[in-house]
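> test case, fold it:
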Amino acid sequence: MASQRLTIVIKLGTSSIVDENTHEPILSNLTLIVETAAKLHRDGHNVVLVSSGAVGVGLRRMDVEQRPNHLPRIQALAAVGQCRLMSLWDGLFSHLRLPVAQILLTRNDIADRTQYINAQNTFAQLFDMGVIPIVNENDTLAVSEIKFGDNDTLSAITAAMVKADYLFLMTDVDCLYTTNPRNNPDARPIEVVTDISSLEADVSSAGSSLGTGGMSTKIVAAKLGISAGVTTIITKSSKPGNVHEIVKYLQQTQQGASVGPETGDYDHVSHLQTMPPLHTRFIPSETPIQSRSFWLLHGLKPRGTIYIDHGAYSALQKKAGLLPAGIVGVEGHFGQQEAVRLVVIEKVSPESLNGDFLHHGQEPKEVGRALVNYGSSEIIRIKGHRSTQIQSLLGYADSEYVALRENISFIQNDESPRH
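Numbers count the residues shown, from 1 in each chain. Below is the predicted model:
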């Protein structure tokens, strides 16, 4: 049986790329990563690297001992380091005659739906050309408002964008454990996670002094990945070869399962398979959210909040659009075609509509995101009214809906947007 062509995203933290103390590139590890990517490429797979390390490399290049706190200086070091970092990757991949491409992103780059689709098309074209894209956050331009926050989140959004089969989050441990294995000899590895909402694991790893992520950010990234249908895997960064072995094992077991009974458990299909290196695998959702819904939930920065009643929420779940009659309150300042949070709350009295709903016995719950047809000042004027009254209240009526159903996406289970 021919092997399936897979798309594999590998996220590498700063500690995988540069030494935490000397800031020198860890050439031995970088070489192993390149060899692993080349093996996967030779097997016919598409490979994307999400590579941190620009600031770390910049520190070394400019002989700066510690990461500064001053944002413009950090961004300047990132500009210096990103150039050197790509030079390193290009040089190593060129030994194996593999071309690479640099893709730098901020949240603004994918906030526009057309730009998001353009990015998808660029990735697809690079795959067709046999190129390995290397993705990083554009630290030179990014400020807090448009940052992804960490490259774990960026890697999950990238994996969803390219419709990846696997997302590998490389870290300093083999897998998740029930407790910290450094302190507790009874710590047990967690090899497969089928329900991430009930996960009980030690996530105390805080990341390196140069990086921005720890184990908790990897759990967030895993939630994003599996919600988009991507099998997400945590494994040891110092052993990049694990990625190739795990992919090979999963391919073999899935092929075995396709001709065997439909048990859904690939780990026990064939006793002939050698066990793969230790890792934690998050099983993707059986009903992954579609590309546009993922973009609405995770590609956009919400600019405010619309509070809706339970009747409006029920109507939205039945595929209706959001009418002004179901809106209870508005928070924040936003314009047309900007993203907002949708929060369900009971109707409250007019004198209580001051945005401070929690003080009135309410328990608001964010249920999704929406792109709105009206700005916040307009919605404040039409909320609670019928659509037929929009014209008389505003002097115009662009739409009977505050948000079209196609521009609304619901949060699934424990999949919380990270904004």
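> wait, Phe294 sits on Ser227?
Yes: taking contacts as Cβ atoms under 8 Å, Phe294 lies within contact range of Ser227: 7.3 Å. Backbone N, C-alpha and C define where each C-beta goes, glycine included.
> quick one: which of those two has more around it?
Applying other Cβ atoms under 10 Å to Phe294 and Ser227 shows that Ser227 carries more neighbours, namely 27 against 22.
> contacting residues for that one?
For Ser227, the contact set (Cβ atoms under 8 Å, 6 or more residues apart in numbering) comprises 285, 288-289, 294, 412, 415.
> what's the pLDDT at it?
At Ser227, the pLDDT value in this model is 90.
> with the one 5 residues further on instead?
Thr232 carries a pLDDT value of 96.
> from memory it sits against Val220, does it?
No: Thr232 is beyond contact range of Val220, at 10.8 Å (criterion: Cβ under 8 Å).
> so for these two, which sits in the more crowded spot?
A count of neighbours by other Cβ under 10 Å puts Thr232 above the other of Thr232 and Val220, at 31 against 19.
> so the more buried one bridges to which residues?
Leu167, Phe282 (DSSP bridges).
> low-confidence ranges in the stretch 101-250 of the chain?
Scanning the stretch 101-250 of the chain for pLDDT under 70 picks out 141-149, 200-214.
> list residues touching both of Thr232 and Val220?
With Cβ under 8 Å, 6+ apart as the test, Thr232 and Val220 both reach Ala156.
> how close does the spatially closest residue to Ile246 that is not a sequence neighbour sit to Ala159?
Closest residue to Ile246 apart from its sequence neighbours, by Cβ to Cβ, 6 or more residues apart in numbering: Pro276 at 4.8 Å. Pro276 sits 20 Å away from Ala159 when distances are taken as Cβ to Cβ, to the nearest Å.
> now do the same contact list for the residue nearest to Ile246.
242, 245-246, 248-250.
> just flag the most distant two among the contacts of Ser227.
Spatial extent of these (Cβ to Cβ) is set by the pair Ser285 and Phe294 at 11.3 Å.
> mind listing the shared neighbours of the two?
Going by Cβ under 8 Å, 6+ apart, residues that sit against Ser285 and also against Phe294 are 227-228.
> low-confidence stretches in the stretch 251-400 of the chain?
For the stretch 251-400 of the chain, the stretches flagged by pLDDT under 70 are 256-273, 346-363.
> next helix or strand past the host helix or strand of Arg73?
For Arg73, the element it lies in under DSSP states H and E is helix 71-94. Using DSSP H and E, the helix or strand that follows helix 71-94 towards the C-terminus is strand 100-105.
> what lines up beside that next one in the sheet?
Neighbouring strands of strand 100-105 in its sheet, by DSSP bridges, are strand 132-137 (parallel).
> in CSV, please show the C-alpha coordinates belonging to the strand it pairs with.
Once non-C-alpha atoms are left out, strand 132-137 reads as follows in CSV (Å, rounded to 0.1, in the frame of the first residue of the first chain):
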residue,chain,number,x,y,z
ILE,A,132,10.3,23.8,3.0
PRO,A,133,8.6,27.0,4.5
ILE,A,134,10.2,28.3,7.7
VAL,A,135,7.7,30.3,9.7
ASN,A,136,8.3,32.8,12.5
GLU,A,137,6.4,35.6,14.1
